[in-house]
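1. Give me a model of this one.
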Amino acid sequence: MTHFHIPKDLYHEEGYKQVNGIPHYYRMVGTGEPFVFLHGGPGMWHDELVPSFLEFAQNHKCIYYDQRGNGKSLMKSIDKTNFTTELLVDDLDALRKEFGIEKMNIIGHSWGGLLGMYYAGKYPQNVKRLILVDPAPVNTELLIKSYENMMTRFSEADWNRLQAMYESEAYIAGDPDAHNEAMRLSEGVTFHNEQAREDYFKIAVFDETTAKNAVAINDHGREMKLNITVQEQLGNIICPTLIVQGREDFIVPEAAELAHKSIRNSKLVYIADSGHYPFMEAPSEFFNTLNSFIDET
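-> Predicted coordinates for the structure are as follows:
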């Protein structure tokens, strides 16, 4: 069930593309130059991005999809052989061909930003522009440092409560209520703007399917994040790259600085008064930055 409304005047199409043996759920909104969106997680799905980009979709074709095993892109079973960064990268390339795009514009948020860097490092000739929004750090050391920074934002009681929820029978069984309650705690601290935080929890609502997926993906997603190898590929990226980071994000500034330093044709912009979701927390500044980058490139 979607928790947002797409205006009638916007082109809208949704369905499945079968790539690499997996039905990938996609949604296209708007018309114009295509931009492919990579959602966060692993374990989330594309809904969290759509409402913020509806105005952008007035002049651009926004192509969203649920990465393998996430959202509605269901797999019969998930294990360490069929859920890897390499496969997620190859899925994206297969989808690029399915959508008939020669050179992609990529907008990746959080984990999706990291996936975008992996893709552009492997297939530099297939990317026109790379837009990284509060991307996950380019190495595991900075990721751990960022998570340690995030932990300082919890009260001791909330942190203990969250850990207990993760270990609860309901959570492990994929109970949507348990997942939504845990997400309010875990994701809540990543916001700087309280209204945006409340808006987010109205959009990103776990149901039985997405909650079970999140459980199935969890350990593999953690494994992928504890073995980040993208840093040595960043020198391959040749397209204009925009890195946008909320000034109040839990991801440490060194992560954005290192990505900027490692990607030769990149621009780094900090957004004031924003945490991990600048497109929701400071939309006018975020979209001014995005649109001017698109115009310049």
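2. Now do the strands in the stretch 51-200 of the chain.
-> 60-65, 104-109, 127-133 (DSSP state E, counting those that start in this stretch).
3. okay if I get these as JSON lines plus mean pLDDT, distance to Met44 and mean neighbour count?
-> Placement of C-beta: from N, CA and C, glycine included. Formatted as JSON lines, these follow (pLDDT from 0 to 100; distance: least, CB to CB, whole Å; neighbours: other CB atoms under 10 Å):
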{"stretch": "strand 60-65", "mean pLDDT": "98", "distance to Met44": "12", "mean neighbour count": "24"}
{"stretch": "strand 104-109", "mean pLDDT": "98", "distance to Met44": "9", "mean neighbour count": "26"}
{"stretch": "strand 127-133", "mean pLDDT": "98", "distance to Met44": "14", "mean neighbour count": "24"}
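4. mind checking which of those is nearest Gln231?
-> strand 127-133 (13.9 Å; CB to CB).
5. helices and strands around the closest one, which ones?
-> strand 104-109, helix 111-122, strand 241-246, helix 283-296 (3 or more CB pairs under 8 Å, 6 or more residues apart in numbering; DSSP states H and E).
6. export those to TSV and tack on distance to Met165?
-> Compiled in TSV, those are given as follows (distance: least, CB to CB, whole Å):
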stretch	distance to Met165
strand 104-109	24
helix 111-122	21
strand 241-246	26
helix 283-296	31
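7. of all the ones you listed, which lies closest to Asp93?
-> helix 111-122 (7.2 Å).
8. circling back: among the strands of the stretch 51-200 of the chain, single out whichever gets nearest to Gln163.
-> For the strands of the stretch 51-200 of the chain, distance to Gln163 was read as CB to CB. The smallest value, 25.7 Å, belongs to strand 104-109.
9. if we look at that closest one, which residues are touching it?
-> 33-40, 48-49, 96, 114-117, 119-120, 126-135, 277, 279 (CB atoms under 8 Å, 6 or more residues apart in numbering).
10. ok so, going back, for the helices and strands packed on strand 127-133, which one sits closest to Gly221?
-> Here helix 111-122 is closest among the helices and strands packed on strand 127-133 (CB to CB), at 7.9 Å.
11. tell me what that closest one is packed against?
-> Packed next to helix 111-122, using 3+ CB pairs under 8 Å, 6+ apart, are strand 33-38, helix 85-98, strand 104-109, strand 127-133.
12. How far off centre is it?
-> 10 Å (CA atoms, centre = their mean, to the nearest Å).
13. do the same with stretch 231-244
-> 17 Å.
14. which parts of it are buried?
-> 231, 233-234, 237, 239-244 (16 or more other CB atoms under 10 Å).
15. Please tell me how far Val230 sits from Gln125.
-> Note on Val230: its distance to Gln125, by CB to CB, to the nearest Å, is 18 Å.
16. show me what contacts Phe287?
-> Applying CB under 8 Å, 6+ apart, the residues near Phe287 are 55-56, 279.
17. And Glu14, by the same measure?
-> With contact set as CB under 8 Å, 6+ apart, Glu14 has these partners: 25-28.
18. Can you add pLDDT and secondary structure and give those residues back as TSV?
-> Below are those laid out as TSV (pLDDT from 0 to 100; DSSP: H, G, I helix; E, B strand; the rest coil):
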residue	pLDDT	secondary structure
Tyr25	97	strand
Tyr26	98	strand
Arg27	98	strand
Met28	98	strand
